[in-house]
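Participant: no FASTA, just this:
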């Protein structure tokens, strides 16, 4: 049996638990923080790249053909990030409660908007990117297995 199939079977057999079943010290918040920290660790804080990325988006909005190309490219990037993020969630005993694609696109929107605000000079206490992402991921995930909660 392939590793992917074995993993899918194992996930299918796990019993879902409600967040309320976890006591406050169970580590649910800590699990989400680990996933967010891992996500943020993959990201670049390069202001110049952010500006270039925004310029590319503006070009894509002006040029429909290039826009379609960029949408396709963005879809591939999102698929890769989706795979990585769902694996990170799984390692921490969590899963999305909404479809993975929407969850990743929402997280990317929060990440991008926060970085745009930072590039425009917003104060870090106003941005609070990590806090926003933790809040978001807590809102759209649930524990998969009580055995995985630390």
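Facilitator: Thanks, I have it. Treat the numbers as computed from the prediction; the structure is a model and nothing was measured. Numbers count the residues shown, from 1 in each chain.

Participant: so where is this protein shaky, pLDDT-wise?
Facilitator: Applying pLDDT under 70 to the chain flags the ranges 1-26, 145-150.

Participant: need the longest helix for it.
Facilitator: What stands out as the longest helix in the chain, according to DSSP state H, is helix 64-91.

Participant: right, and the helix or strand after that one?
Facilitator: Going down the chain from helix 64-91, the next helix or strand is strand 94-96, by DSSP states H and E.

Participant: picking up where we left off before, buried residues in the longest helix of the chain?
Facilitator: 70, 78, 81-82, 85-86, 88-90 (16 or more other Cβ atoms under 10 Å). In this view, the C-beta of every residue, glycine as well, is placed from N, C-alpha and C.

Participant: mind listing the strands for this structure?
Facilitator: For the chain, the strands defined by DSSP state E occupy 94-96, 141-143.

Participant: can you put those strands in CSV and add distance to residue 133 and mean neighbour count?
Facilitator: Output for the strands of the chain, formatted as CSV (distance: least, Cβ to Cβ, whole Å; neighbours: other Cβ atoms under 10 Å):
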stretch, distance to residue 133, mean neighbour count
strand 94-96, 14, 21
strand 141-143, 12, 21
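
Participant: and the ones you listed: which comes nearest residue 114?
Facilitator: strand 141-143 (19.4 Å; Cβ to Cβ).

Participant: counting by contacts, list what that closest one packs against.
Facilitator: Judged by 3 or more Cβ pairs under 8 Å, 6 or more residues apart in numbering; DSSP states H and E, strand 141-143 is in contact with helix 28-42, strand 94-96.

Participant: can you tell me the closest non-neighbouring residue to residue 59?
Facilitator: residue 66 (6.1 Å; Cβ to Cβ, 6 or more residues apart in numbering).

Participant: the longest helix of the chain - contacts with which helices or strands?
Facilitator: helix 28-42, helix 47-62, strand 94-96, helix 100-119.
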